[in-house]
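[1] For reference, the sequence and a predicted model appear below.
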Amino acid sequence: MAANGGGVKTNGNGNADQEKVILTPVAKGDDWTILQLDRKRVEAETLGRDAHVAGGAHKGLVVNRQLSNVADYGDPIPAQVHLDFNVFLVDQKTGKHSMENRLLKFWFKPEIDPEHQMWLAAEYFKELVNPETFPRDYVGFITRLMKLMQKTYTTIACLKIHLKQLPPPSVPPKPPIWRAEAESNKIEILTEESLLEMIERAFPNGLAFKDIAKCTLSSTAEIEDLLYILAHKRLIKQLDNGTWIRWSGANEDDSNLAPEAQTTFTIGKHMPTLAPWEQPTIAIITALFCEKIAVDAMMDHKETFVRYQTQGEGTVYTLGNIGPHRVVCTKLPAVGHDRAAMIAAGNTTTRLLGIFQRVEYVFVVGCGGAVPHYTSYQRHIRLGDIVASAPSHADTKHPYIYVFCDEAKKDPKAGTVTYATKSWRPPQQDLQMLAQQLQHINSSDPAFRPWKKFMDEGMERLVGHEMMSFERPPQETDKLYMAIGETDVIQVSHPQPNRATSVDDGEPESEDVDGVNTALPRIHLGPIGGGRAVIRDQTLRQDFATHYGCLAFDYEFDPVLESIFGNRKDHYMCIRGMSDYRDGMRNKEWQPYASLAAAAFMKAVIMTMQVQEPEMPAPPPAYSYSPQAQSHHHHHQNRPYQPPVQVLPSSASPIQASHHRPPVINHSNGHHHQQLPRSYAAPAPEYSKPKGPSVVSAAGTPPQQARQSFV
């Protein structure tokens, strides 16, 4: 890995080669040591006899054997960047655990700007803790610090190291991401939680008794008892074909909620079709059950249809309103993490877009794995934060929103990696522009965060949800671990706001820090990555994220994106709430909250979208263009073109909907003709209702007539 832009070894004038990196012990206590590395241009003859000048492979390194005579070992000039981490080591001979805190303080040459300072410090750290080269012993660690500073990061002027021995942990840390591969296919003794999770993964497919028995060591009687307990709690339901599916997850009596928050459930082999004006124009795709529940909490006047089949895949569609928009939400019936399951997810997406053909906007919403930044708070992504897929501003050559890695080939001799990738970007980036606008207004006015309001409203609807809590987990559970080998672990402290430091004082971060509430989700825009070829390898994951500008990873949603692209949908976006530091599938404690955060930001974007209302009080019989409609509305031809998604000025709240909107003029292929709106809003209350099928009212009441079977 090369540190570009001022951090690479210089060979043109030889200055970097003439400079020496000098190690000086600053102070020492019973369980702590402070060392300092300085970059200086000195001649060997001018050094004292206590200095050891290295030769051979370590030429250019100097070690002072004596402690510095400085009485005050503080920092006369504050460090420009701090980086703090704990190292958990295991003695290979005795098996004993030890823990040490290591604090790095950086000072750079004057020409390096603050943003580049943080980037260089982060790259220095990533190269330092590379699992293949990380030294386990004290001397090797110090030598590694000096060599990186001497050869690669030549713009670091001074580096101070604080080392402190800590009491060994009673329980050594074991990051969840390490256990995931081993446990994903593990046969286990069933509990209520694990059985419910199996049924949730399969939903909307039913899970047969024989399929459950294959995955567990539990007896038939134990499985039957657990199924009875979950069914008694109304968490699962047995279908006519004998399989079990996940039920609503809440008490079937939701009459205590407001009418718009209540849900109607229908299970059967056939589902009704919708009248043309009831058809959704926005589709939302989820993969986990908690993601589906979180999205449903954002909708009003919901109707959920679960279609099951004796053979083949089941489907679930929840239709409802988000503001003035009609939306449909589905869950992918993926079982496990194999490739075949994700391909089936692509088929489900194709079926969704084939049934609801008036959908023009697609959101893929749920959990993701954060890509952390070890020195910059602004670029650091924590659990609970939100990443919306958008092109990277830093890399204009690759304006994609999602990049999938099929294969990663390492060349050990050259020290390079070649990635085989597929990438996607929507032809129209209106949704990305709206997300960017929401982020921009929030950065100017931190009090503006409509997604927080939507999270609170969703939380009220989800209170008391059986077996699942959507409350934010304690902040201290957000631990950033790095693996260094088979047994050793590094825990890195999170960067703090408005400080060039990642020092963690151990206090909970639920209060404001320098005016920033770090317990609230922050919004990030950038590409999202996927592919087990890089997700499974920590070093590749970091390198891939750096190369392609990825801010988050999800598991493998390339079949879903491929289906959206193949169905010629021009507007789509992935929105991920961060639940772990891998791919969003590993840390169940954070998944519900992360799902709710992603769903709330999705609602904020949707509420910003403009809705076109019909000029006539009666809704049109279909969404097709006709010459009669053109002649009837010829007096609108001189109106300026207005896109289906409106980007408002930053001075206006994007949540405020306009009451008078002109129709859309289609300029495609050089022709100018009237086109009916892409997203249909109900007529205002004063309009008289037409005869025949009922329509969605201004309050969003779901229609109850003119339904026929479409399956």
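    Right, received. Where do you want to start?
[2] for the stretch 151-300 of the chain, what spans make up the strands?
    Using DSSP state E, counting those that start in this stretch, the strands of the stretch 151-300 of the chain run over 156-166, 236-238, 244-246, 263-268, 282-286, 300-307.
[3] Please name the residues that touch the residue lying closest to residue 166 once chain neighbours are set aside.
    Distances taken as C-beta to C-beta, 6 or more residues apart in numbering place residue 99 nearest to residue 166, at 4.4 Å, with adjacent residues excluded. The C-beta positions use only the backbone N, C-alpha and C, and glycine is treated the same way. Contact partners of residue 99, counting by C-beta atoms under 8 Å, 6 or more residues apart in numbering, are 86, 87, 88, 89, 165, 166, 167, 168, 169.
[4] Please identify which helix or strand holds the fourth one.
    Residue 89 belongs to strand 81-90 when assigned by DSSP states H and E.
[5] quick check: angle from that strand to strand 156-166?
    Counting by axes from the mean of the first three to the mean of the last three C-alpha atoms, to 10 degrees, strand 81-90 lies at 40 degrees to strand 156-166.
[6] and strand 81-90, which strands flank it?
    Using DSSP bridges, the strands paired with strand 81-90 are strand 97-108 (antiparallel), strand 488-492 (antiparallel).
[7] Could you give the average pLDDT over the last one?
    This predicted structure assigns strand 488-492 an average pLDDT of 80.
[8] try stretch 146-161
    For stretch 146-161, mean pLDDT rounds to 92.
[9] Restricting to C-alpha, output that stretch in PDB.
    C-alpha atoms of stretch 146-161 as PDB (Å, rounded to 0.1, in the frame of the first residue of the first chain):
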ATOM      1  CA  MET A 146      10.500   3.700  12.600                       C
ATOM      2  CA  LYS A 147      10.700   1.900   9.200                       C
ATOM      3  CA  LEU A 148       7.300   3.100   8.100                       C
ATOM      4  CA  MET A 149       8.100   6.700   9.100                       C
ATOM      5  CA  GLN A 150      11.500   6.500   7.400                       C
ATOM      6  CA  LYS A 151      10.700   4.800   4.100                       C
ATOM      7  CA  THR A 152       7.000   5.400   3.200                       C
ATOM      8  CA  TYR A 153       5.500   8.300   5.300                       C
ATOM      9  CA  THR A 154       8.200  10.900   4.800                       C
ATOM     10  CA  THR A 155       6.000  13.800   5.700                       C
ATOM     11  CA  ILE A 156       5.700  12.800   9.300                       C
ATOM     12  CA  ALA A 157       8.000  15.100  11.200                       C
ATOM     13  CA  CYS A 158       7.500  13.700  14.700                       C
ATOM     14  CA  LEU A 159       5.700  10.700  16.200                       C
ATOM     15  CA  LYS A 160       5.200  10.200  20.000                       C
ATOM     16  CA  ILE A 161       4.200   6.800  21.400                       C
END
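[10] Now that stretch: buried residues?
    146, 148-150, 152-161 (16 or more other C-beta atoms under 10 Å).
[11] Closest to residue 211 out of the residues you listed?
    Residue 211 has its nearest neighbour among these in residue 148, at 52.2 Å by C-beta to C-beta.
[12] what about that closest one, which SS state?
    Using DSSP: H, G, I helix; E, B strand; the rest coil, the structure places residue 148 in helix.
[13] who's in contact with the helix or strand hosting residue 458?
    Assigned by DSSP H and E, residue 458 belongs to helix 450-462. If you take C-beta under 8 Å, 6+ apart as the criterion, helix 450-462 is touched by 250, 257, 261, 293-294, 297-298, 386, 438, 470-471, 520-521, 523, 596-597, 599-601, 603-604, 607, 655.
[14] Next step: these restricted to helices.
    293, 294, 438, 596, 597, 599, 600, 601, 603, 604, 607 (DSSP state H).
[15] For these, which two are the farthest from each other?
    293 and 438 (23.7 Å).
[16] Looking at these two, which is more packed in?
    Between residue 293 and residue 438, residue 293 has the larger neighbour count (other C-beta atoms under 10 Å), namely 27 against 24.
[17] For residue 460, see how far away that one is.
    14 Å (C-beta to C-beta, to the nearest Å).
[18] show me what contacts residue 597?
    384, 385, 386, 451, 455, 521, 577.
[19] quick check, nearest of these to residue 545?
    Using C-beta to C-beta, these come closest to residue 545 at residue 385, 15.0 Å.
[20] Identify the residues contacting the closest one.
    370, 521, 522, 523, 524, 577, 578, 597.
[21] Relative to residue 315, which of these is nearest.
    Nearest to residue 315, judged by C-beta to C-beta, of those is residue 577 at 24.4 Å.
[22] Could you give the bridge partners of that closest one?
    Legend: beta-bridge partners of residue 577 under DSSP bridges are residue 367, residue 386.
[23] Can I get the strand holding residue 89 in CSV, CA atoms only?
    Output in CSV follows, covering the C-alpha atoms of strand 81-90 (Å, rounded to 0.1, in the frame of the first residue of the first chain):
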residue,chain,number,x,y,z
VAL,A,81,-3.6,13.9,15.0
HIS,A,82,-4.1,11.3,17.8
LEU,A,83,-4.8,7.6,17.4
ASP,A,84,-5.5,5.4,20.4
PHE,A,85,-5.9,1.6,20.4
ASN,A,86,-5.7,-1.4,22.8
VAL,A,87,-3.8,-4.5,21.8
PHE,A,88,-4.9,-7.9,23.1
LEU,A,89,-2.2,-10.5,22.8
VAL,A,90,-2.0,-14.2,23.6
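[24] residues of it that come out buried?
    Under the neighbour-count criterion of 16+ other C-beta under 10 Å, strand 81-90 has 81, 82, 83, 84, 85, 86, 87, 88, 89, 90 buried.
[25] do stretch 538-546 as well
    Residues 538, 539, 540, 541, 542, 543, 544, 545 are the ones in stretch 538-546 that count as buried (16+ other C-beta under 10 Å).
[26] check contacts around residue 22.
    Per C-beta under 8 Å, 6+ apart, neighbours of residue 22: 37, 38, 39, 40, 42, 51, 62, 63, 64.
[27] Can you turn the buried part of those into a PyMOL selection?
    The buried subset of these, as determined by 16+ other C-beta under 10 Å, is captured in PyMOL by this line:
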select buried, resi 37+38+39+51+62+63+64
